[in-house]
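Asks: Could you work out the structure for the sequence below:
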Amino acid sequence: MDADAKDLLPKTFKHVAIAGNIGAGKTTLTTQLGKHFGWDVHYESADDNPYLSDFYMDMHRWSFNLQIYFLNSRYRQVLEILNGDRTVIQDRTIYEDAYIFAPNLHDMGLMTSRDFENYFSLFDTMSSQIQPPDLLIYLKASIPTLVSHIEKRGRDYEGSISIDYLKRLNERYETWIDGYDKGNLLVINADEIDFFNNPEDLGMVINLVQGELHGLFK
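Replies: Okay, the predicted model is just below:
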């Protein structure tokens, strides 16, 4: 942890989460904030996800399987956070699966209505047993920024992601964030800052996060 970072924060919050579209920079910022503040980090299950590669090759066939996998993974993460005694920063939330990715797949005809209704019923049950993050950080990014980040990291299975798919997700993210009422929200424009390569930009984000967390307990 960076010097004095721990002493500058309130002690009674457990859960910070980062939301954003594919390629927005969630994992990078999750790692950086976790390191700075000394928080435990829960990453999205991507590299060890048994469905992700198949999904991008055949979305219709694997959409339900993938969404159930993510739902279960994130539900387990949140339970662990709530039952633990350490502050955790989480890469993506359970709400994004339910309000963005699953309904988008349904609307695109890539998930049947039967599967979507089954999925959302399960989400309703799970979400009633948990609490939202103490602070949600939304990384807002335009399509060119998303595409640039996706190309730079060079994951083979992401090569088939279409611009239309990213646009649809971005539209859903904006609608979800505009109506977000589950807790405290910090929006960061990923088009205007480079917290990976620019220490000053990272410092600015850290200050914003610190301010939001202090504000929770005024």
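Asks: For the protein, just list every one of the strands.
Replies: For the chain, applying DSSP state E gives strands covering 15-20, 40-42, 88-91, 135-140, 184-189.
Asks: what's around Asp48, how many residues?
Replies: A count of nearby residues for Asp48, using other CB atoms under 10 Å, gives 8. Where you see a C-beta, it was placed from the backbone N, CA and C, and this is true even at glycine.
Asks: what do you get for Ser113?
Replies: For Ser113, the tally of surrounding residues (other CB under 10 Å) stands at 8.
Asks: do you know how far it is from Pro103?
Replies: Distance, Ser113 to Pro103, using CB to CB, to the nearest Å: 11 Å.
Asks: Tell me which residues of the lowest-mean-pLDDT helix or strand in the chain come out buried.
Replies: When the helices and strands of the chain are scored by mean pLDDT, DSSP states H and E, helix 52-57 comes last with a mean of 86. By 16 or more other CB atoms under 10 Å, the buried positions in helix 52-57 come out as 52, 55-56.
Asks: residues touching Val147, list them.
Replies: Neighbouring residues of Val147 by CB atoms under 8 Å, 6 or more residues apart in numbering: 23, 163, 166.
Asks: Verify the stated contact: the first one with Thr145.
Replies: Yes - using CB atoms under 8 Å, Gly23 makes contact with Thr145 at a distance of 7.4 Å.
Asks: These two - which one has more neighbours?
Replies: With other CB under 10 Å as the criterion, Gly23 and Thr145 differ in neighbour count, and Gly23 comes out ahead with 23 against 19.
Asks: Show the contacting residues for the more buried one.
Replies: By CB under 8 Å, 6+ apart, the neighbours of Gly23 are 141, 145-150, 153, 166.
Asks: mind checking how far it is from Gln129?
Replies: As judged by CB to CB, Gly23 and Gln129 stand 31 Å apart.
Asks: Phe120 now?
Replies: Phe120 is 15 Å from Gln129, by CB to CB.
Asks: And for Tyr165?
Replies: Distance of Tyr165 to Gln129, given as CB to CB: 31 Å.
Asks: Can you pick out the residue with more neighbours from these two?
Replies: Neighbours around Tyr165 and Gln129, counted as other CB under 10 Å, are more numerous at Tyr165. The numbers are 17 against 10.
Asks: Next up, the contacts around the more buried one.
Replies: Taking CB under 8 Å, 6+ apart as the criterion, Tyr165 is in contact with Met108.
Asks: I figured Leu139 hits Thr28, correct?
Replies: No - the pair Leu139 / Thr28 is not scored as a contact, 9.5 Å apart, by CB under 8 Å.
Asks: These two: which is more packed in?
Replies: Taking other CB under 10 Å, Leu139 and Thr28 do not tie; Leu139 has more neighbours (26 against 18).
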